[in-house]
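Colleague: Structure for this input, please:
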Amino acid sequence: MRAFLFPGQGSQAVGMGVALAAASTAARETLQEVDDALEQRLSKLMAEGPERDLTLTENAQPAIMANAIATLRVLEREGGVRLADKADYVAGHSLGEYSALCAAEGLDLATTARLLKQRGQAMQAAVPVGVGAMAALLGIDFETAQAIVKEVAEDEVCEAANDNGGGQVVVSGHVAAVERAMEIARARGAKRALLLPVSAPFHCALMAPAADAMEAALATAPLRAPLVPVYANVTAAPVADADTIRRLLVEQVTGTVRWRESVAAMFAAGVTEFVEFGGKVLTPMVKRIAPEAKATSIVTMADVEALAATL
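Modeller: All right, here's what the predicted structure looks like:
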């Protein structure tokens, strides 16, 4: 069994998609469709930067999705591969869950781009700059991280935002609480505890205004059952019902990205091959969580051609 995976924020880089677009009509058409949907030259920003603008969450989120879907469409349209025939499940990390739904035709591309633009804007607007922070705690397990955030929260917010597996947990919340969590994590044996260069504290209760905004946006979005089930971030379980997916996407804004559990559950369900589209972020995570599985990153035209030859 096989799962197609889609990366989240942090996988953006100036120059993303350029080589693929130069080599493939399908990639160029995908990026143009996103530009048209957003009424924005996002593909130019992806290609040329500046990096500070690409890193803004309202740009990074649709850009990462566009790059991933462009990569998949090259495989489908020029490699003659249908996702429904070759993937048993799809999954994505945070914003990547929207990419996964688009890949499996639960959302059309234009809608996905607009939703992610709104999601980025709503997340940025939810918390004033400087109020929140996120930090990666390396070398401690999720249960230890959970105990730490409960201990440090006091009258502030501090929560486990991402359980990435392999002893990597990201925490999110008010700046002072996150800094306390870093101190305690180091004292309890974390190899490293480092602040992340993000513009807002994602996946914690401070994102409640963004969850409300996405509930309104998703209520009218044309979302249908995907071709294959998607493993939801907040449940680490497969889902195919459109209304349930809609609800879980709202919960995801403030909820923990349960990536370690998602990969472990897919492996337990029989998935032995994981294919990441448009990034090289999830593949090392998969290798740490399920070392017996095969994990591959598809970024370049050569990657696409090699994958097509094996499917």
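Colleague: Ends of stretch 80-89, what's the gap?
Modeller: 19 Å (C-alpha to C-alpha, to the nearest Å).
Colleague: Let me see the contact set for the residue nearest to G278 when sequence neighbours are not counted.
Modeller: Counting by C-beta to C-beta, 6 or more residues apart in numbering, A68 is the residue found nearest to G278 once chain neighbours are left out, at 3.2 Å. Just so you know, the C-beta spots here come from the backbone N, C-alpha and C atoms, and that holds for glycine as well. For A68, the contacting residues are 6-7, 96, 99, 103, 277-279, by C-beta atoms under 8 Å, 6 or more residues apart in numbering.
Colleague: repeat that with 7 Å
Modeller: For A68, the residues meeting the contact criterion (C-beta atoms under 7 Å, 6 or more residues apart in numbering) are 6-7, 99, 277-279.
Colleague: and what of V263?
Modeller: 165, 286, 289-290.
Colleague: are any of the contacts of A68 buried, and which?
Modeller: Listed as buried from the contacts of A68 are 6-7, 99, 277-279; burial here means 16 or more other C-beta atoms under 10 Å.
Colleague: per-residue confidence at the residue nearest to G278?
Modeller: Looking at A68, its pLDDT stands at 98.
Colleague: distance of it from L5?
Modeller: The spacing between A68 and L5, counted by C-beta to C-beta, to the nearest Å, is 9 Å.
Colleague: Equivalent analysis for A187, please.
Modeller: 35 Å.
Colleague: likewise A160?
Modeller: 21 Å.
Colleague: And A63, by the same measure?
Modeller: From A63 to L5 the distance is 18 Å (C-beta to C-beta).
Colleague: Then M285?
Modeller: Distance from M285 to L5, counting by C-beta to C-beta: 9 Å.
Colleague: So the two - more neighbours on which side?
Modeller: Neighbours were tallied for M285 and for L5 using other C-beta atoms under 10 Å; the higher tally belongs to L5 (35 against 23).
Colleague: Which strand or helix spans the residue nearest to that one when sequence neighbours are not counted?
Modeller: Residue nearest to L5 in three dimensions, not counting chain neighbours: E276, with 4.5 Å by C-beta to C-beta, 6+ apart. Using DSSP states H and E, E276 falls within strand 273-277.
Colleague: For the following helix or strand past that strand, output the C-alpha coordinates as PDB.
Modeller: Using DSSP H and E, the helix or strand that follows strand 273-277 towards the C-terminus is helix 282-289. Output of helix 282-289 as PDB, limited to C-alpha atoms (Å, rounded to 0.1, in the frame of the first residue of the first chain):
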ATOM      1  CA  LEU A 282       8.300  14.800   5.600                       C
ATOM      2  CA  THR A 283      10.500  12.100   4.200                       C
ATOM      3  CA  PRO A 284      13.100  12.100   7.000                       C
ATOM      4  CA  MET A 285      10.300  12.300   9.500                       C
ATOM      5  CA  VAL A 286       8.700   9.100   8.000                       C
ATOM      6  CA  LYS A 287      12.100   7.400   8.100                       C
ATOM      7  CA  ARG A 288      12.400   8.100  11.800                       C
ATOM      8  CA  ILE A 289       8.800   7.000  12.600                       C
END
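Colleague: Report the buried residues of helix 282-289.
Modeller: Using 16+ other C-beta under 10 Å as the test for burial, helix 282-289 gives 282-287, 289.
Colleague: Could you check how far it is from the centre of its chain?
Modeller: 14 Å (C-alpha atoms, centre = their mean, to the nearest Å).
Colleague: Looking at it now, give me its mean pLDDT.
Modeller: What helix 282-289 shows for mean pLDDT is 97.
Colleague: My guess is L311 contacts A87. True?
Modeller: No: between L311 and A87 there is no contact under C-beta atoms under 7 Å: 9.7 Å.
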